[in-house]
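1. Predicted model and sequence below, questions to follow.
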Amino acid sequence: MRWRTLPTGWQQAPFLADGRLGCQIYAGTTPHTLKVMVSHTEVQDQRGQWRAGIGYSRLPVGYFTLTLAGAVTGVDWTLDLWDAELRGTVTTTRGSVRLSALVHTTRSALLISTRPSPGEADAAWSFTWLTAATTRTSGKPADYTPNPAPRTGTTGAPDAIHFVEQPLLAGGGWTTAWRERHAGTARLLAAHLVYRSPGDPARTTQEAVRAVAGTLAADPDRLIAGHRAWWHTYHRRSLLSVPDKRLQSFFLGQLYKLGSATRADVPALSEWGPWFPEVGNNWTALWWNLNVQIASTAYLGTNHLELDSVTGAFRRFEENLPLSVPPAYRDGRTYALGHPSDWHLRPGEWTVGAPGSDRISDNFGNLTWGLHNVWLAHRHTMDRAVLRDVLLPLLAGALNFYDHFLYEGSDGHLHLPTTRSPEYADAADCTYDLALIRWAAHTLLDAARALRIEDPRAPRWHEIATRLVPYAQDPADGVMIGAGVPLAESHRHHSHLLWLYPLREKVWDRPADRELMRKSFAHWAGMQSAWRGYSYALSSSMSSVMGEPERALDLLTFFTDRNTVADCQLTENTMYREGKNFALESPLAAVQSMLDMVLQSHGGVLKVFPSVSRRWSDVSFATLRAQGAFLVDADRSAGRTRWIRVHSEAGAPLVLEHGIEGAVTVRDERGRPLPWKPAGQGRIAVRLPRGATAFIAPPGTDPDSGPRDVPASGPTRPWGLP
C-alpha cells in the first residue's frame, strides 16, 4: 500500500497491529504535526450494570504527536505487507524526516524510528491521553460518568520513561509507557501498553515501564529480524494469484489485516479490530448477530489456524454464556450470547429475552451462528478436541435454549413462537432461527457419532431434527422471513438465507434444491437499496455455491471498486464505513468470497475452481485449506485446470471434483500411481492416508509443477493514497 498524499484519519491511514496493540498514522491537528493513534483490543470498561456497549465498552487510549519545525508539504510512505512495516519520508517547509514504524508481533511494542534532516533536528514526540469514556451514544444512561483522569509521570534519570496510568472506576486500568532513545541523528521511540482488570493500576505502570526498558535494551536489528521472520512465515502459508492484480493486492491486504487484527489467544474481532477510531462511534464492543461471524472465517481457507480467536473465546469464556440467558431459564444447561458483548462474552445487564414473550430481541441465534464458525474450524482441521471440548458442550447449551420454547403444533411439527429475524421483523417460525436449530440438531448428532459417545440427549436432538417445521415459503419468491411474514423490502442482512449460506442445508448439487435456492436468492438480491458491503460479499459467495461465476465476480468487484450504496463504502486503505460508523467485517468477508470462487469443500466433496469467471483465464493457488483437513494447490491456464495437488493432514475420505477435461492420472508425491475410482460426473474418489499427497493432472503433466503468480489482465492502482 502506498501514500503520496497525507492521510487524514481512520478511513485513509496505514495501520499496524499485533492482535492487541494497534496504531494508525495520519495528519495531526496542525500543519506542523503528525499523529500516531494508539489503541488496544483488551482496553475496555468494567461496569456490568449497563449493557456491554456502554458498561463493557472499549475505551480510547490516546495518541503520539510528532511536532515538526515546518509544515508538512508531502509524504512518500509504503506499508510493506511482507515485513508488516511502514517506511517512508515526511517532507516539510523546513526539511524532512525519514521514518519507519511497526508493532512488534511478539513483544507487542510500538517502535517508530525517525531520522530528521538538519532543518527538522528538533522534531519531538509527545503523548495526549483521551478521556476513558464510551463513545457510544445509543442507550447511554443519564447517570453515566467517564472514568477518572489518569496519573501522568516520568521515571527517574538517566533513562527516564514517561507514562500515563489510567484507572477505572470499577477497578483495574492500564498504563501507556514510552521513551525515545537517541543515537546520533537516529531516534527510536518504543511504547508499550499494559491492561489489567481487576488489579492495581500501579502494577500496570511497573509492567509497562519494565517492558519499554527491556525493548530499548534489546538489539534493534534482532528485534526487527524476529518481527519480519514471523510475518514472512505467516505470508508463506498460502497463495492466491488472479489476473485482477488490484483484487489480488486487496486479498493480500486483508490477510495482512487479519494477521494484524487477531490471534487465537487475543480478543475476538470487534468492529474496529485493534484500531479505535479517534472520534469513536457506536460499535464499541463485539457484535454477534453477523459481524464477528463473517469477519472470522477467511483465516481457515487461507491456512492461518493461528488466528482462530472465535474458538479461543468460546473455549476460555464458556462460563459467561449463561449470563445472556434470562434468569428463569438458567438451569446450568442453557447457553445464549447477547450482542453486543465484551471479549469475555459478557452482555452486561442485558439478556437475550425469550421467544414469544414481551422481550423479543434479534439475539436468539447469535451463539448458534457463532458456533458454526467453531464447527468450520473443526472441519478444516479435523481436531477432535475442538469437537469434544468446545463445539458439542456449547452447541448443546445453545440448542437447549431454543428447546425451552419449541412446542408441538396440530400438524405434528415442532414450532417456534415469535422471534426476530435480525434487523428486519418479528415472526413465528422465523426462518433464521429454524435454520440454526435444524443445523444444530444435525451437527450434535454427527458430533456424537464422530466422538463415539452415547449421549442421553441424542433422542431429543433427533426428534428436533426430524420434526422441526419446514420454512414458510412463497410460491414466487421462495423462503420467507417466517410464518406469514414475507421479505417485502430491501434488507442488508441475509438472515433468512442462512440455510443457503453459510449453513449449506440446501446444495446446488441436488437438483431438487435448486429452484428454491434460485428464487429465494433472486428475491433478496432483487432489492439492493439497503445493502451494505457485506451484503455484496455474501451474495457473491452465494452465487459461487450456486454455480454463477460471472455474477459472483460482478458482485464482489462492485464492492471492491468502492461503489457507494446507502452511504456505505470500502475506504482507500481497505477499511469500511457505514455512514459515520467504521468497521472491518465487510472487506474481510470479501476474502471468503474470493476463496469460494477457487475452492469449495462441503458435504464431503472438494471442488477446485468451481466458480471462476471466464474473465480469469489464469488462476493459481497454494496450500489453501479445505474441510477434511486437506491442503490444496492448483493451477489454471487459458481457462483450463492444469493440475491439482492435495495433501491430507487427517486421512479423511477424499472426493474430488477436479474440473480437468479428458483423462486424468493420480500419483503420489514420488510419482507413483495412486488407486482411484469414479465418484460421479467429473469426480473421483482417492484413498489418501494421513500425511499423504496426491497429484491429479492430465497424462504427461510434470508432477513437480508448482503455483505461480499469474499474468496481470491490465494495469492496476495500489491501495492507500498513491
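-> Received it, and whenever you're ready, just let me know what you need.
2. which residues touch the residue nearest to Phe630 when sequence neighbours are not counted?
-> Leaving aside its chain neighbours, Phe630 sits nearest to Val646 (5.4 Å; criterion: Cβ to Cβ, 6 or more residues apart in numbering). C-beta: built from backbone N, CA, C; applies to glycine. By Cβ atoms under 8 Å, 6 or more residues apart in numbering, the residues touching Val646 are 606, 630-632, 654, 656, 686, 688, 693-694, 696.
3. Please enumerate the strands of the stretch 201-350 of the chain.
-> With DSSP state E, counting those that start in this stretch as the criterion, the stretch 201-350 of the chain has strands at 239-241.
4. before we move on, the earlier item: by neighbours, which of the contacts of Val646 wins?
-> Leu656 (27 neighbours; other Cβ atoms under 10 Å).
5. per-residue confidence at Gly184?
-> Gly184 carries a pLDDT value of 88.
6. That one and Ala476: what is the separation?
-> Distance from Gly184 to Ala476, counting by Cβ to Cβ, to the nearest Å: 76 Å.
7. Compare these two (neighbour count), which wins?
-> Relative neighbour count places Ala476 above the other of Gly184 and Ala476, with 9 against 6, counting by other Cβ under 10 Å.
8. Do I have it right that that one meets Lys519?
-> Yes - assessed by Cβ atoms under 8 Å, Ala476 is found in contact with Lys519 at 6.9 Å.
9. Kindly point out which residues are neighbours of both of those two.
-> Residues touching both Ala476 and Lys519 by Cβ under 8 Å, 6+ apart: none at all.
10. Please identify the helix or strand for the residue nearest to Phe630.
-> Using DSSP states H and E, Val646 falls within strand 640-648.
11. Neighbouring strands of that strand in the sheet, and parallel or not?
-> Paired strands of strand 640-648, with direction, are strand 630-637 (antiparallel), strand 693-697 (antiparallel) (DSSP bridges).
12. how about the strands of the stretch 501-650 of the chain, start to end?
-> 568-570, 576-578, 581-583, 599-602, 605-608, 619-626, 630-637, 640-648.
13. Pairing partners for the third one, with directions?
-> Right, the one you point to is strand 581-583. strand 576-578 (antiparallel).
14. neighbouring contacts of the strand it pairs with?
-> 11, 532-533, 566-571, 582-587.
15. so what pLDDT did the closest residue to Asn363 other than its chain neighbours get?
-> Excluding the flanking residues, the one nearest Asn363 by Cβ to Cβ, 6+ apart is Val352, at 4.0 Å. Confidence at Val352, expressed as pLDDT, is 97.
16. next one: the one 3 residues further on
-> Per-residue confidence (pLDDT) for Pro355: 98.
17. Use 48 as the first number for this chain going forward.
-> Done: numbering now begins at 48, and the last item shifts to Pro402.
18. residues near it, how many?
-> Residues near Pro402, counting by other Cβ under 10 Å: 23.
19. Quick one: residues contacting it.
-> Pro402 makes contact with 411, 449, 452, 463-466, 480 under the criterion Cβ under 8 Å, 6+ apart.
20. Quick check: the gap between the nearest residue to Gly444 once chain neighbours are set aside and Arg561.
-> Distance criterion Cβ to Cβ, 6+ apart; nearest residue to Gly444, sequence neighbours excluded, is Tyr382 at 3.2 Å. Here Tyr382 is placed at a distance of 36 Å from Arg561 (Cβ to Cβ).
21. Give me the more crowded residue out of those two.
-> More crowded of Tyr382 and Arg561, by other Cβ under 10 Å: Tyr382, with 27 against 15.
22. Surely that one and Tyr449 touch.
-> No - contact criterion Cβ under 8 Å: Tyr382 and Tyr449 do not qualify, at 10.8 Å.
23. helix or strand right after the helix ranked longest in the chain?
-> Longest helix in the chain by number of residues (criterion: DSSP state H): helix 478-498. Reading on from helix 478-498 to the C-terminus, the next helix or strand found by DSSP H and E is helix 505-514.
24. and that next one, what's its mean pLDDT?
-> Mean pLDDT, computed over helix 505-514, is 98.
25. Stretch 476-484 too?
-> Here stretch 476-484 scores 98 as its mean pLDDT.
26. Next, report how far that stretch is displaced from the centre of its chain.
-> Relative to the centre of its chain, stretch 476-484 is centred 24 Å away, using Cα atoms, centre = their mean, to the nearest Å.
27. Also stretch 579-591?
-> Relative to the centre of its chain, stretch 579-591 is centred 15 Å away, using Cα atoms, centre = their mean.
28. List the buried residues in the helix or strand hosting Leu133.
-> Here Leu133, judged by DSSP H and E, is contained in strand 132-139. The neighbour-count check on strand 132-139 (16 or more other Cβ atoms under 10 Å) flags 132-135, 137-139 as buried.
29. other SSEs contacting it?
-> Here strand 132-139 touches strand 119-127, strand 143-151, helix 267-282, going by 3 or more Cβ pairs under 8 Å, 6 or more residues apart in numbering; DSSP states H and E.
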